[in-house]
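Undergrad: sequence unknown, structure follows:
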């Protein structure tokens, strides 16, 4: 029982629990914020696993991302406050089976294989950040740049899809 | 030890800001006013709006306070006087401040009031537009320091403060910081004349006291960030480091708080357009210029 | 002395200190509004008070002047929204029912305000923890439960049942019994259960816990003293939360039962305790089958950007900071864009002539008292019309004095508008400065005005060069030349009319009509600044200021009409005298014309812009015909 | 240290299961996106765990995490773009209705 283990289990449990809450609550804003806290707990797990840069990045990015999610939920759902207790699911049995089987399969994959020797120490946070930078702008520059371009393209495409078509704008 | 010192100075700073804010809003300067007001808030009824989403309503101010305290944790007041010197301090500051948004959405949605709700969503738009203008100038600052650690960022300004090295970034950062702390003239989420208090409108009593305190902490954190990133932190002649930090942070916070008194509130649409069209271009240009300077003239 | 304490409790130690703090830190919400108080000569900025924009943050309700009957229900709602301890300070208010009696009252003077504030501090210090925590109720706060369909707000029934359109179970919502405010749908099934805590301790927001009542989130009728499972659905019982204990139903908005659209109906779960495990089967009455949103939104009006969002109806006013006091503006918001607006005055003017035995003097006083935002102009108007009817001539000197008096009121009124604009737009320096100058000018004699002229001109220069001003007002609320408009609104679109051009007295003083191009809110601001400067010149040229005296019309009969350019535009009054008594009167006011513009200037505007647009019209709800 | 690795991976598995259930069972596009986000979050946890406990000296592991985060952002942007377009045309983003319309 190490401290790391306890914290990892705690934040991991929180992440999964909030993940479940996402689909259990009727209030859409709560749903989006539950997802946010799930992601934040994952960020905390990263911090526990000594990936400082990634943890902080995850915590930062998800706050904005999930808040945007929240406003889209409010925009597009017929009952964002959840007062009607409307059922917004379908193929429930199938989904439960699929989710359960996916979970079991993943757990088997996790627990069965021999993961080999485990590394005990990691580079310091300063060094990690510097290494990551060199990796991104060195060996993996092409991948990194492609990812950047992909985001840009997706942003432009999404905006194009979303804006009012010209014909409608005219009237 | 440094935690206690930082928290005590935080309390003193928050009080000083409350005095300044009172002057900026109500026009009279009173040194004891905020103390009475805070005490009086404790005695007032803390109403719970009917049909509120109580979890969010209660949690909003608290999360706001926690976010502010987290941000303060990475601000160095003097060499060694910092709660935690993270290797990713500058990024962590951002991460903490991002939860200001979450807290305001909760506080806006929670009380089931139209004004508060509009205010909360307004802040979402404002925040998304201005989060970029917080991150990108910090990127340029970190480029010069070759580190994300706030202590090293201050140390990198030994020769020349960043406000002179990258003035464009400074301006963008200050404007974005004011937007993030919803200070007038960028106070869209609690615009008195438009939303009658907005997110604050439904809070009373103790909850309002927490909300106000949290806001002061956030303003202090942002002023501290401005000083750390652009005004050389604790650096300065004659006086000890902590004194320079205190003077600079209070001066920046006072300027941020009082400038709104002399101009009308900005229009929301214009404000967002400015950020997306002008702000982000300027921030990118700033990064480029700083990169070129850093390569050509190593100061 | 009926101060309602925050919580009951003896005065000792820390409570004494807190009570002393509350007495020192008075925050006031002013009815009908700070602007009205200022035009009555009350200087609130100088009273060691903090004026706040929402009753939620106030502990003193200041009532300046007689409270119009139309405003009383809204005032009761505002009072109910204040957290306790709450007090009422009445300045010459007279009858204020349904509000409780004022804790302190005084005549409407600055000295009265100061002495009563001192009394009020004593009352608060002594009564902050008074045991008297009685409920405040008023007809305006009573709540009627009605049933409506969440998807079809037009379906409203008195009894529970199913929606005839989609078959969904109707959900209860609360409405004010007298039907003011927007009704969107306060649907919150869970909140309608009897709530024992509600009655157990009124007003103790923190004393929860004593009487722990548990109830089922799905079946409000199930109440138990101990935690456990619901006998009907097996869910875990949750603790009955304490709800706000002031009169029911005062949600939002100042003086308005807020428009709650669908968007704001929160689930109200206590944490997540309520999610015991309901599946389809436990959700009573809701069709397990999926409902088509396409079907539901079919045929509803579409917003301009084609994205059909929930529309919420939000009331602004009648005490909204930055909007004219007494104006109820109801905006239907589509996101934060105004989809529809409705401006209504709650303080419409009554019949000008009440009773056959109205002397000319009574008539003049009555008209002046009816218009708290422009008493001198309407007094002058009444006198002029009666003189016209009686064919009397006050003489050249008196005319000059009157013209100067109206010009003085114009300066004060425009400064008051600038102060209101400053409040609304957060330009607080302007609000403070213009308010102070308004108080200084109002009622000042010729030397007093000359003494203030420099300061006023400096203020005007500063307003015109203030940063962000052009961005804030430019191209907002543009009004074309085809829409009927009056006063500065009319003249700010490159032309327009001014009743003063017909007046030989003013012509002799060197009057020329001010005009600005643009027709937007910025042009109106600039035009008002121009007019302030011009009025200063006119007053200096007139050399004397004299408020008109009631003409002596003992037994004259006849008809007469007069037109005066009030600060808000041309007002025209026709009177008929019979034997020295006013028997008929007809008044056209500028606000009658301009209030129709609200719809135009707010349509499809962002909320902040829409409010700035309404404010730029400078409406006076008291001028609106009833 | 192997226990920590297993805990982290199990959390990943749990998130994957929940996300899969959500993505399949929800009728609303935005809710489906939430399910997908959870699945991607599971991938993130696994990547970081592998990096930390198996190859801590390899910054490429962290790089992958960044790429997945970028994918999450892209997925949201595209999904919301589609959602707005659908909503504009049909007034709803319910997938059930999309199916009805198809056939």
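TA: Perfect, thanks for sending it. Note that the structure is predicted; figures quoted are calculated from it, not measured.
Undergrad: And the residue nearest the centre of chain A, which helix or strand is it part of?
TA: Central residue of chain A (CA atoms, centre = their mean): residue A:39, 5.2 Å from the mean position. Residue A:39 is part of helix A:28-48, with elements assigned from DSSP states H and E.
Undergrad: And that helix, what does it pack against?
TA: Identification of packing neighbours for helix A:28-48 by 3 or more CB pairs under 8 Å, 6 or more residues apart in numbering or on different chains; DSSP states H and E yields helix A:3-24, helix A:52-76, helix B:54-73, helix B:89-109, helix D:2-25, helix D:29-53. C-betas here are computed from N, CA, C, even on glycine.
Undergrad: tell me the angle the second one makes with helix B:54-73.
TA: Taking axes from the mean of the first three to the mean of the last three CA atoms, to 10 degrees, helix A:52-76 and helix B:54-73 form an angle of 150 degrees between their directions.
Undergrad: Off-centre distance for the helix or strand just after helix A:52-76?
TA: Of the helices and strands lying after helix A:52-76 in sequence (DSSP H and E), the nearest is helix A:92-111. Here the centre of helix A:92-111 is set off from its chain's centre by 19 Å, with CA atoms, centre = their mean, to the nearest Å.
Undergrad: Contacts made by the helix or strand containing residue B:289 with the rest, please.
TA: Using DSSP H and E, residue B:289 sits within helix B:280-296. Helix B:280-296 has contacts (CB atoms under 8 Å, 6 or more residues apart in numbering or on different chains) with B:132-133, B:136-137, B:139-140, B:143-144, B:165-166, B:168-169, B:172.
Undergrad: give me that answer again for 10 Å
TA: B:129, B:132-146, B:162, B:165-173, B:176, B:274-275, B:299 (CB atoms under 10 Å, 6 or more residues apart in numbering or on different chains).
Undergrad: Now do the contacts for the closest residue to residue B:264 other than its chain neighbours.
TA: Leaving aside its chain neighbours, residue B:264 sits nearest to residue C:425 (3.7 Å; criterion: CB to CB, 6 or more residues apart in numbering or on different chains). Taking CB under 10 Å, 6+ apart, we find residue C:425 in contact with B:184-185, B:191-194, B:263-267, C:322, C:431, C:466, C:468-469, C:472-473, C:608, C:611-612, C:615.
Undergrad: do residue A:45 as well
TA: Neighbour list for residue A:45: A:7-12, A:14-15, A:51, A:55, A:58, D:7-8, D:11-12, D:44-45, D:48-49 [criterion: CB under 10 Å, 6+ apart].
Undergrad: when you check chain B, which of these turn up near it?
TA: Restricting these to those near chain B by CB under 10 Å from any CB of the partner chain leaves A:55, A:58.
Undergrad: and residue C:89, which of the three is it?
TA: Recorded secondary structure, residue C:89: strand (DSSP: H, G, I helix; E, B strand; the rest coil).
Undergrad: partner residues bridging it?
TA: With DSSP bridges as the criterion, residue C:89 is bridged to residue C:62, residue C:104.
Undergrad: Need the per-residue pLDDT for it.
TA: Here the pLDDT value assigned to residue C:89 is 84.
Undergrad: measure it to residue A:32 for me?
TA: With distances taken as CB to CB, to the nearest Å, residue C:89 is found 45 Å from residue A:32.
Undergrad: show me the contacts for residue C:436.
TA: B:27, C:38, C:43, C:45, C:46, C:415, C:419, C:452, C:455, C:459.
Undergrad: Of these, which is the most crowded?
TA: Within the contacts of residue C:436, residue C:415 tops the neighbour count with 28 neighbours, counted by other CB atoms under 10 Å in any protein chain shown.
Undergrad: That one and residue B:185, how far apart?
TA: Relative to residue B:185, residue C:415 is positioned 22 Å away (CB to CB).
Undergrad: Over to residue D:61?
TA: Residue D:61 sits 46 Å away from residue B:185, going by CB to CB.
Undergrad: Compare neighbour counts for these two and give me the winner.
TA: Comparing residue D:61 with residue B:185 by other CB under 10 Å, the one with more neighbours is residue B:185, at 24 against 21.
Undergrad: what kind of secondary structure is the closest residue to residue C:401 other than its chain neighbours in?
TA: In this structure, residue C:401 finds its nearest non-sequential neighbour in residue C:546, 2.9 Å apart by CB to CB, 6+ apart. Classification of residue C:546 using three-state DSSP returns coil.
Undergrad: residues near residue C:546, how many?
TA: Counted with other CB under 10 Å, the neighbours of residue C:546 add up to 16.
Undergrad: And residue A:112, by the same measure?
TA: Residue A:112 has 7 neighbours, counted by other CB under 10 Å.
Undergrad: repeat for residue A:144
TA: Using other CB under 10 Å, residue A:144 has 18 other residues around it.
Undergrad: so which strand or helix has residue B:22?
TA: Using DSSP H and E, residue B:22 falls within helix B:2-26.
Undergrad: could you give the angle of the helix or strand that that helix is followed by to helix B:2-26?
TA: Sequence order places helix B:33-43 as the next helix or strand after helix B:2-26, per DSSP H and E. Put simply, helix B:33-43 runs at 100 degrees to helix B:2-26, going by the same axes, to 10 degrees.
Undergrad: list the contacts for the nearest residue to residue C:92 once chain neighbours are set aside?
TA: Nearest non-adjacent residue to residue C:92, counting by CB to CB, 6+ apart: residue C:108, 3.2 Å away. Contacts were defined as CB under 10 Å, 6+ apart; by that measure residue C:108 touches C:37, C:40, C:41, C:42, C:63, C:64, C:65, C:66, C:90, C:91, C:92, C:93.
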